[in-house]
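S.K.: Need a 3D model of the following:
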Amino acid sequence: MAEASLLALAFMAGALPFSNMAARATKGVDLRDTPYGTVSGTSLYRVAGLWALVGAGILDVAKGAAVPLIAGDHEVLAAFAGGLAVAGHNWSPFLGWRGGRGIAPALGALAVTAWPGVFVLLGSLVLGRAARETGLGGFVGELALVPVLAATHGGYGALAGSLVALPMLVKRMAGNSLPVERGVRPYARRLVFDRDPETPTR
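M.R.: Numbering: from 1, shown residues only. As a prediction, the model looks like this:
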């Protein structure tokens, strides 16, 4: 029962939408109602500026780390708690089961469970940004988590990496709405590049 309660707590902590809360507190805006449409750090920055982004970002990282820290030496429990925190962020009941991509809570979870994963994710995002393909960089980093953490932390590292990566990869494909285009191609594009094609303007 104690373990189940901790896992439920991990999901609910992850589900707290700090970016949207910060936008509401500073600008009285729900990020879902903006032209950007997403509850993300990028949308928050555009609406409320740098300091709101920094504050929400710190809290988003912390919520991913909280329950894995509570789990302590129970490594498997900590790994599952980290994955559930990311899932809660990505599909928040406070946002009608919508949410972000899970990078910030993943960083928090990995800082506790398998710290090299933090550098894998951040490094891939930096390289992707430099190449002007942040979505592709994130995809490579999420795929790299399992082999890298297996090499550094063995089977436990592979478990921690996979439980964090899985909800992020699924969210990339699912998004917060169905793609306009039908078939496999739009989901493959979302998975690899984390975007839909731009809608032509008339």
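S.K.: Check the burial of Pro197 by counting its neighbours.
M.R.: Pro197: 12 surrounding residues under other Cβ atoms under 10 Å. C-betas here are computed from N, CA, C, even on glycine.
S.K.: So it lies in a strand, does it not?
M.R.: No - under the criterion used here (DSSP: H, G, I helix; E, B strand; the rest coil), Pro197 is coil, not part of a strand.
S.K.: mind starting the numbering at 30 from now?
M.R.: Okay, using 30 as the starting number, the last item reads as Pro226.
S.K.: Now do it against Arg219, distance only.
M.R.: Distance of Pro226 to Arg219, computed by Cβ to Cβ, to the nearest Å: 10 Å.
S.K.: Ok, Asp102 next?
M.R.: Taking Cβ to Cβ, one finds Asp102 at 38 Å from Arg219.
S.K.: Tell me which of those two has more neighbours.
M.R.: Arg219 (19 against 6).
S.K.: does the more buried one really touch Met202, like I thought?
M.R.: Yes - assessed by Cβ atoms under 8 Å, Arg219 is found in contact with Met202 at 5.1 Å.
S.K.: Give the closest residue to Leu174 in space, chain neighbours not counted.
M.R.: Gly190 (3.6 Å; Cβ to Cβ, 6 or more residues apart in numbering).
S.K.: could you point out the longest helix in the protein?
M.R.: In the chain, taking DSSP state H as the definition, the longest helix is helix 163-203.
S.K.: what packs against it?
M.R.: helix 104-119, helix 132-142, helix 145-159, helix 214-222 (3 or more Cβ pairs under 8 Å, 6 or more residues apart in numbering; DSSP states H and E).
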